[in-house]
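[1] sequence first, then the predicted structure, then my questions.
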Amino acid sequence: MSEVIDLRSLAASVLAISCSMTFVQPSHAQGFSPEPAPPSNRMEDQPDVKARIGKIFWEYYGEPCKYKVDLTSAPNGHEIYSDTKPVQVLIEKYVANERGGAGSFRVLIDGKTTAYVRDDEFWNLADKERTTADNCASWVRPEERGALIAAQKASTDAQNAKLSAQQQEQRRQAELRAAQEQMPDVKIGMSTKEVLEQSKWGRPNSIRKMTTKNGTREMWLYLTGTLVFQDGKLAVIDDKGTI
């Protein structure tokens, strides 16, 4: 005799078993980790862009500038700001360009005027090492910028003075050589003083001295030859160029 299955009893049993089961959520401890979020392509999420938010730079209007940052009334707009003193510029927010291309940063000038700076204008901002008198946009505070430029000018002036002194000495030496070339040649019997002051040979490149029983002997070595003095008088002229 076949047994009759009570469907309602069977369904109630399955439901009871299901309710008693505990489902465990996968965790890192069990070797599971969530999918990493894909990197953002938005410019405002890029580290270098986010690093600028909240920073302050200074614009130095009223000076002869080779490099500066344009402050505009709107993103990609026309320049609006001009003054005769340094202005403080606080970077507040990045504004993407809806048409593509470089975006802008919204900034606050001297705590009261809203303006914008194109992203690519930041190339003109000088740090401490690049601060010069012709760079009128800088991360450096006004009081520090003045000291840096003064030190830079002092260094440049010192280099120019050194160069000028070297040029003057080179010019003097050239004039002496030119004047000496107009003097007469050496002659046997001339004294060392006469050779130095009254001949075109002038001062030698080096001197070798020898003392013997016959007296003192000097060899004056030049690029163009050698002069030999015996007891202060010119005894030998060798113009073969021994150096």
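    In hand now; what should we look at?

[2] A133 is in contact with K153, correct?
    Yes - K153 is in contact with A133 according to CB atoms under 8 Å; the separation is 7.4 Å. No exception for glycine: its C-beta is placed from N, CA and C like everyone else's.

[3] looking at the two, which is more packed in?
    Using other CB atoms under 10 Å, the more surrounded residue of K153 and A133 is A133, with 17 against 12.

[4] that one contacts L148, correct?
    No - A133 is beyond contact range of L148, at 9.7 Å (criterion: CB under 8 Å).

[5] pull out the buried positions in the longest strand along the chain.
    Scanning the chain for the longest strand, with DSSP state E as the assignment, gives strand 86-95. For strand 86-95, a neighbour-count test (16 or more other CB atoms under 10 Å) marks 86-87, 89, 91, 94-95 as buried.

[6] again, but for stretch 128-138
    Residues 131, 133, 135-138 are the ones in stretch 128-138 that count as buried (16+ other CB under 10 Å).

[7] from those, which is closest to K193?
    In terms of CB to CB, no member of the buried residues of stretch 128-138 lies closer to K193 than A133, at 53.8 Å.

[8] distance of that closest one relative to A178?
    40 Å (CB to CB, to the nearest Å).

[9] after the biggest helix by length in the chain, which helix or strand is next?
    If you go by DSSP state H, the chain has its longest helix at helix 142-181. Downstream of helix 142-181, the first helix or strand assigned by DSSP states H and E is helix 192-198.

[10] and the next helix or strand past that following helix?
    Once the chain leaves helix 192-198, the next helix or strand it forms, by DSSP H and E, is strand 206-212.

[11] partner strands of that next one and their direction?
    strand 215-221 (antiparallel) (DSSP bridges).

[12] show the average pLDDT along the first helix or strand past the partner strand going along the chain.
    The helix or strand immediately downstream of strand 215-221 is strand 226-230, counting by DSSP H and E. In this model, strand 226-230 carries a mean pLDDT of 94.

[13] now the angle from the next helix or strand after strand 226-230 to strand 215-221?
    Using DSSP H and E, the helix or strand that follows strand 226-230 towards the C-terminus is strand 233-238. On the basis of axes from the mean of the first three to the mean of the last three CA atoms, to 10 degrees, strand 233-238 is oriented at 40 degrees to strand 215-221.

[14] so what touches strand 233-238?
    Applying CB atoms under 8 Å, 6 or more residues apart in numbering, the contact partners of strand 233-238 are 186-192, 195, 225-229.

[15] what distance do you get for A147 to K55?
    From A147 across to K55, the span is 21 Å (CB to CB).

[16] next: I80.
    Distance from I80 to K55, counting by CB to CB: 21 Å.

[17] on that earlier part again, what subset of the contacts of strand 233-238 is buried?
    Buried subset of the contacts of strand 233-238 (neighbour count, 16+ other CB under 10 Å): 186, 190, 192, 195, 225-227, 229.

[18] would you check which pair of the residues you listed lies furthest apart?
    So, those by CB to CB: farthest apart are T192 and G225, at 15.8 Å.

[19] from the buried residues of stretch 128-138, which is closest to D110?
    Using CB to CB, those come closest to D110 at A137, 15.1 Å.

[20] pull the contacting residues for the closest residue to the closest one other than its chain neighbours.
    Leaving aside its chain neighbours, A137 sits nearest to V69 (4.1 Å; criterion: CB to CB, 6 or more residues apart in numbering). Neighbouring residues of V69 by CB under 8 Å, 6+ apart: 57, 59, 89, 117, 121-122, 124-125, 137.
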